[in-house]
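[1] The amino acid sequence is not available; the structure is as follows:
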């Protein structure tokens, strides 16, 4: 569609007519008639809600236009299935993408208010746990920006990732009722709902044509109700949507039970049904938790497939052309039950023969793997599947039987390898390997960084590559520059745009032009000032949130991410203890002032990760109160890490900690966010760090530690952490401080499990990497004092971050996997400018 399209011209002309006066009228209307408030009972929260509804009007206009366009042009559509979407806050992102930020800021200022303060009322939509969910959110932004007909499908959890509070160093989990105050931009679709079944049995009969028919008779049903979140593209008319499903009881209220006095029983079915979408990641250490988790996965894919096929049937008589009309991307193994579900629909409902159904299914799905750790690959007990999804178990058995027959006929695998590629894991307790189902049922399988994609071919999926070598490919992750630069760091974005223009917002490779100013003294000074301001803002936020006063002139060293042993937050705090010890032993020692910031949540049942958080808190308490280190070392743990907090931390960072054990991190995306905001990386050759090194050059990044092949070799040869400890007296003394309760006088022995783990097992080779890490950090200290050189490295990191945009990633998915074309229509540049500071 070109700019000559009459409907598009009308839409753009209408938006051009929007001025401050008309916006104020629209806003006032929502304040009075949607929110129900007047000037006598007005609160800032009401301003936020009215503003949300005002922006919602713009989003719906464009979303309706986008839907109309898709209906007319019938492009191939992409559906992104994910159990996680870590969206963060929406309103600010919408203002930027719609080009309304400055106008709205002026309007709110007219009421004597600050827009940024109003936007703080929005609660993060924490419908995800970490990088996997945040990647999904960035992908949606890029698909809309590129004009790709791409839609997300997930679950509308009542409670997202928990709110973290720290009490006496301990992580406590509190419910995250993210929608308690309403979601003004959400569009509830009561007319779009589907029935999802569970339990029951399968009946088989032969019809009049002699064909065997299968009928699943579920004994429990739940309604899936649609809730849409508009996803606006940047500087384009496209607004796609994320559709989230909420579980509703098929029987709201049993009047008979109520009339007989059994009030609890009257609503019991409703309560049980709605538990499905109650909470993100229920505790699956119990059998009930496992059942609920599998229910969530099937609930999402069943309702989504029903919705997709309903839309498809509006323009098609049968499903023969389905692979040419849609593509479904599985974000990890969680939605891979969708392969069996589509087979069930095609065979049991649509009357397809097996081979025809399988041919369609295996041309619809593609699968993204996010782990190299075998223990992280999802499996389910066969007994649980038999009880909850009996027909799907039959289909999975049949898929596996036919697949193994084919594999044996090829003669390429040994019996051990055949056992490894089987969907069914044999043993005392049979289990279903969901990753194997995803590989077998998908036409493409991708990793998320070059190293990761090679590792999965060499390790967990090695046998599959001998059967399906053409399936495997790499799609290095990225981040959306709209949120992680324009929104998170507007001062830096504006500095850049003054020199190279604003087109980098949709073509991040244009940042390379910054290298033309690498020796421009005025530009370098401006860059320093932007970073100083960001560090000042970070220092104010830290004081407000924690009471800790930091020196914004110090080296701001940040590690913010989900807590897991392989991410090695423990290595970081061990080195901090070593520095603290050096100062105590020699108070006159010259130390580059450093503030070390941690943030992140540990899974509620992950004992060791929670103990590491506690250790960081206790070390912080001791170090920050010690006058010997005053002005030289500070430790900060920022509780309740989330997207909106990351947006405040990242612009102020000087150093980005990406220190996972080589060969364990699939990609990482926080490394890209810090890079885009001018922080330098210290890291191992793991995940996307490898590609960051390739982009920036060895002189602009700090790489340390064992390489992946060295890690594997060391483990094969029998790694002994105690030997590395004995060779490093300082490290030994650091560990003794932990064992001998230097940081836990009031709780003797509390950190003994950390000492024992490091001394006797050390699964992630912290002891082997400590010396290299420490030496590299010492080099960082020296280099940071050379402010001019450090600033040039900072500029080069930003200039060479172009590869790490999700726009590039999505283009590669579109070209190499989905076979879909962009339908983007760019709004004339006269209608858009970058938001001002």
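    Nice, thanks for sending it over. What you see is a predicted model, and the numbers here were worked out from it, not measured in a lab.
[2] Please report the distance of residue 724 from residue 735.
    11 Å (Cβ to Cβ, to the nearest Å). For glycine as for every other residue, the C-beta is placed from the backbone atoms N, C-alpha and C.
[3] cool, and residue 629?
    Residue 629 is 20 Å from residue 735, by Cβ to Cβ.
[4] now residue 365
    48 Å.
[5] quick one: low-confidence ranges for the stretch 201-350 of the chain?
    252-269 (pLDDT under 70).
[6] Could you do the chain as well?
    Using pLDDT under 70, the flagged stretches of the chain are 1-18, 252-269, 824-837.
[7] from what I can see residue 114 touches residue 104, true?
    No - using Cβ atoms under 8 Å, residue 114 makes no contact with residue 104, being 11.9 Å away.
[8] of the two, who's got more company?
    residue 104 (23 against 13; other Cβ atoms under 10 Å).
[9] Can you pull the phi/psi pair for that one?
    Backbone torsions of residue 104, given as degrees, to the nearest 10, read phi -70, psi -40.
[10] For it, give me its contacts.
    Residues in contact with residue 104 (Cβ atoms under 8 Å, 6 or more residues apart in numbering) are 23, 51, 55, 95, 115.
[11] Kindly report the same for residue 648.
    488, 537, 538, 541.
[12] Now the phi/psi pair for the second one, please.
    Summarising the backbone geometry of residue 537 under the convention degrees, to the nearest 10, its torsions are phi -60, psi -40.
[13] for the helix or strand harbouring residue 343, packing partners?
    Under the criterion of DSSP states H and E, residue 343 resides in helix 337-344. On a contact count with 3 or more Cβ pairs under 8 Å, 6 or more residues apart in numbering; DSSP states H and E, helix 337-344 meets helix 287-313, helix 354-361, strand 365-368, helix 390-410, helix 434-441.
[14] For it, report the contacting residues that lie outside it.
    Contacts of helix 337-344 (Cβ under 8 Å, 6+ apart): 81, 216, 294, 297-298, 301-302, 304-305, 328, 330, 357-358, 360-361, 364-365, 389, 391-392, 395-396, 399, 434, 437-438, 441-442.
[15] If we use 6 Å, what do you get?
    The contact list for helix 337-344 (Cβ atoms under 6 Å, 6 or more residues apart in numbering) reads 297-298, 301-302, 305, 357, 361, 365, 391-392, 395-396, 437, 441.
[16] centre of the chain versus that helix, how much separation?
    25 Å (Cα atoms, centre = their mean, to the nearest Å).
[17] give the contact list for residue 604.
    With Cβ under 6 Å, 6+ apart, residue 604 has these contacts: residue 173.
[18] And it, its phi and psi?
    According to degrees, to the nearest 10, residue 604 has phi -50, psi -30.
[19] do residue 206 as well
    Phi and psi for residue 206, reported as degrees, to the nearest 10, are phi -110, psi 130.
[20] For it, give its distance to residue 214.
    Residue 206 is 11 Å from residue 214, by Cβ to Cβ.
[21] Between those two, tell me which one has more neighbours.
    Taking other Cβ under 10 Å, residue 206 and residue 214 do not tie; residue 214 has more neighbours (14 against 9).
[22] where exactly do the strands run in the stretch 1-150 of the chain?
    Counting by DSSP state E, counting those that start in this stretch, one finds strands in the stretch 1-150 of the chain at the ranges 77-81, 85-88, 125-127, 150-155.
[23] Ok, which of the ones you listed comes nearest residue 192?
    Closest to residue 192 of the strands of the stretch 1-150 of the chain, according to Cβ to Cβ: strand 150-155, at 12.2 Å.
[24] Thank you, goodbye.
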